[in-house]
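Chemist: can't give you the sequence, but here's the structure:
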């Protein structure tokens, strides 16, 4: 990788991290912004590409934050070129939003022993997208109103099925919510002690992301969690982000106010992000893998794989 490409990567890490840090310094968790806007309860989804495919990882945070800041009602985004291909055009004077594409490529190099070795090299690229509300001339299907959401009771039932299908052991009692790696159990207070059913599901989604860390699942190392404040903050950030992804997928409003045992992580997150410009990228990637793993445990996903 050239020094120019490396500098572009570092600049991108820094620019995006600084933006998130600015929100955190104001006491705002940027991944919670969409639910904080009036009259949006139950209508949050992941941002969508022009073909209806949901964005993932850090792009979810970037587009949620930008959509909220600019007041966009539509979750759909597309590139300048994609708009042109649809016979539409971005309005003059509109500014786009940066999203990222992360992948890897394999490079073959000499190993110094008259042989060759393959190196797996990660790369990160930025590109610009526009919300459909910035674009004129789009087909009617991009202008349609959002589909009505299911009733709250139906959404809760769907969430209950989702977490039941994971096979996680969930016990109730006491006044704390946590995942115990040693016993591989999720512990929650009694259902009746939560503000409402959605608060219960929001908490369960957070602890379920922790649950995915087990070596038989996604495999995040939690061995340093009890004694290393920085590692604890990183894992809690992963669980927060993963919970937000899951809540959006399930149509559930997460806990808008941080739990008392989580509020203290704000300064730790600021410290982690200040010392490691890649931390938010890594946390979002881990959160995405955790959410994808939990989705992969659902029966309909398994049936689709068998049919394929």
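Modeler: Looks like it came in fine. Keep in mind the model is a prediction, meaning the values are calculated, not measured. Numbers count the residues shown, from 1 in each chain.
Chemist: how many neighbours does residue 54 have?
Modeler: 15 (other CB atoms under 10 Å). Where you see a C-beta, it was placed from the backbone N, CA and C, and this is true even at glycine.
Chemist: Verify the stated contact: it with residue 64.
Modeler: No: when contacts are counted by CB atoms under 8 Å, residue 54 is not listed as touching residue 64 (11.8 Å).
Chemist: what do those two both touch?
Modeler: residue 47 (CB atoms under 8 Å, 6 or more residues apart in numbering).
Chemist: Specify the residue ranges that define each domain of the protein.
Modeler: Split into domains by automatic domain parsing, the chain comes to 44-148, 149-308.
Chemist: Of the ones you listed, flag the one that's most buried.
Modeler: Highest mean neighbour count among the domains of the chain (mean count of other CB atoms under 10 Å): domain 149-308, with a mean of 17.
Chemist: Could you pull up the mean pLDDT of it?
Modeler: When pLDDT is averaged over domain 149-308, the result is 89.
Chemist: got it, and stretch 101-110?
Modeler: 70.
Chemist: can you map out the helices along the stretch 201-308 of the chain?
Modeler: Counting by DSSP state H, counting those that start in this stretch, the stretch 201-308 of the chain has helices at residues 229-250, 260-263, 265-275, 279-296, 299-307.
Chemist: Direction-wise, compare the third one with helix 229-250 and give the angle.
Modeler: What separates the directions of helix 265-275 and helix 229-250 is an angle of 110 degrees, with axes from the mean of the first three to the mean of the last three CA atoms, to 10 degrees.
Chemist: Numbering from 25 from now on, please.
Modeler: Got it, the first residue is 25 from now on, which makes the last one we talked about helix 289-299.
Chemist: helices and strands around helix 289-299, which ones?
Modeler: Using 3 or more CB pairs under 8 Å, 6 or more residues apart in numbering; DSSP states H and E, the elements in contact with helix 289-299 are helix 27-49, helix 253-274, helix 303-320.
Chemist: so which of those helices comes closest to residue 246?
Modeler: Proximity to residue 246 (CB to CB) singles out helix 253-274 among the helices and strands packed on helix 289-299, at 6.5 Å.
Chemist: Remind me what the closest one packs against, helices and strands.
Modeler: Here helix 253-274 touches helix 82-94, helix 176-189, helix 221-235, helix 289-299, helix 303-320, going by 3+ CB pairs under 8 Å, 6+ apart.
Chemist: contacting residues around the second one?
Modeler: Among residues not part of helix 176-189, those counted as contacts by CB under 8 Å, 6+ apart are 66, 173-174, 194, 221-222, 225, 228-229, 232, 274-276, 318, 321-323.
Chemist: Mind doing that once more with 6 Å?
Modeler: Outside of helix 176-189, the residues within contact range by CB atoms under 6 Å, 6 or more residues apart in numbering are 221, 225, 228, 274, 275, 276, 321, 322.
Chemist: Counting by contacts, list what the helix or strand immediately after that helix in the chain packs against.
Modeler: Sequence-wise, the next helix or strand downstream of helix 176-189 (DSSP states H and E) is strand 194-196. For strand 194-196, the elements it packs on are strand 209-212, judged by 3 or more CB pairs under 6 Å, 6 or more residues apart in numbering; DSSP states H and E.
Chemist: wait, what's in contact with residue 222?
Modeler: Counting by CB under 6 Å, 6+ apart, residue 222 has contacts 276, 277.
Chemist: coming back round to it: now distance to residue 105 too, for the helices of the stretch 225-332 of the chain, in TSV please.
Modeler: Converted to TSV, the helices of the stretch 225-332 of the chain look like this (distance: least, CB to CB, whole Å):
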stretch	distance to residue 105
helix 253-274	27
helix 284-287	42
helix 289-299	33
helix 303-320	25
helix 323-331	31
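Chemist: Identify whichever of those lies nearest to residue 51.
Modeler: Of all the helices of the stretch 225-332 of the chain, helix 289-299 comes closest under CB to CB, at 7.1 Å.
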